[in-house]
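Trainee: For reference, the sequence and a predicted model appear below.
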Amino acid sequence: MAFRSGNTINGREGRLFFEGDEVAYTKSYEATIEKNKTEVPVLGRRMMGHKTIGASGSGTLVVYKVTSKFVRLMADYVNKGEDPYFTFQEVLDDKASGRGTERVTISDVNFDSAKVAGLNAEGEVLEEELPFTFEGIELPEELAEGF
C-alpha cells in the first residue's frame with residue numbers, strides 16, 4: 001500500500017489510563033526505551049563494535065493541575081516510605097487514519113519527581129510535569145492491520 005498523508009496518526013486521538021482509570025487531564029505523554037550498550041573493540045577494525053546488554057525505560061507525563069494525586073504520592077513517600085509502582089496504558093485510535101487501534105501498556109512505572117507547589121500570577125493554567133521510569137512493556141501480538 002502506498003503512503004498517504006491521511007494515514008498519519010493524530011496524537012490527540014489517544015487516551016491514557018493510569019491503573020485502569022482514564023487520565024482525562026493529560027496534556028502529553030511519552031515513554032521511551034533506551035538500549036544499554038557496551039563498546040566491543042575488535043582487532044582489525046577501525047570502527048568500535050557495540051553489544052546490547054540491557055535496556056531501560058523512562059518517560060514523561062504532563063498533566064493539567066486538577067488533582068493533588070501526584071503531590072500525595074510524593075508526600076506519602078517522604079512521610080511514610082511508601083513508593084508504589086503503577087501501570088499506564090496508552091490507546092491510540094485515530095479513526096481518520098484508517099490504521100486501527102494501538103495499545104501500549106507499560107508496567108512498574110515509578111515517578112521520579114513531582115511539583116508539590118506552584119502559583120502563577122499571570123493567570124495561566126497550572127501544569128505538572130512528571131518524569132518516570134518503567135520496567136515492563138506489553139504490545140498485543142495482533143495489532144490492527146497497518147500497525
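Mentor: Everything's here; your move.
Trainee: what about the residue nearest to the spatial centre of the chain, which helix or strand?
Mentor: Centroid-nearest residue in the chain: Ala31, 2.9 Å away (criterion: CA atoms, centre = their mean). If you go by DSSP states H and E, Ala31 is part of strand 26-40.
Trainee: just checking, what packs against the very next helix or strand once past that strand?
Mentor: Per DSSP H and E, the first helix or strand lying C-terminal to strand 26-40 is strand 49-64. Secondary-structure packing of strand 49-64 (3 or more CB pairs under 8 Å, 6 or more residues apart in numbering; DSSP states H and E): strand 26-40, strand 127-134. For glycine as for every other residue, the C-beta is placed from the backbone atoms N, C-alpha and C.
Trainee: Comparing those strands, which comes out most buried?
Mentor: strand 127-134 (a mean of 18; mean count of other CB atoms under 10 Å).
Trainee: export that strand as PDB, just CAs?
Mentor: Listed next in PDB are the C-alpha coordinates belonging to strand 127-134 (Å, rounded to 0.1, in the frame of the first residue of the first chain):
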ATOM      1  CA  GLU A 127       0.600  22.000  34.700                       C
ATOM      2  CA  GLU A 128       2.600  19.200  36.400                       C
ATOM      3  CA  GLU A 129       5.500  17.500  34.600                       C
ATOM      4  CA  LEU A 130       6.100  14.000  36.000                       C
ATOM      5  CA  PRO A 131       9.200  12.200  34.800                       C
ATOM      6  CA  PHE A 132       9.100   8.500  35.500                       C
ATOM      7  CA  THR A 133      10.900   5.200  34.900                       C
ATOM      8  CA  PHE A 134       9.300   1.900  33.900                       C
END
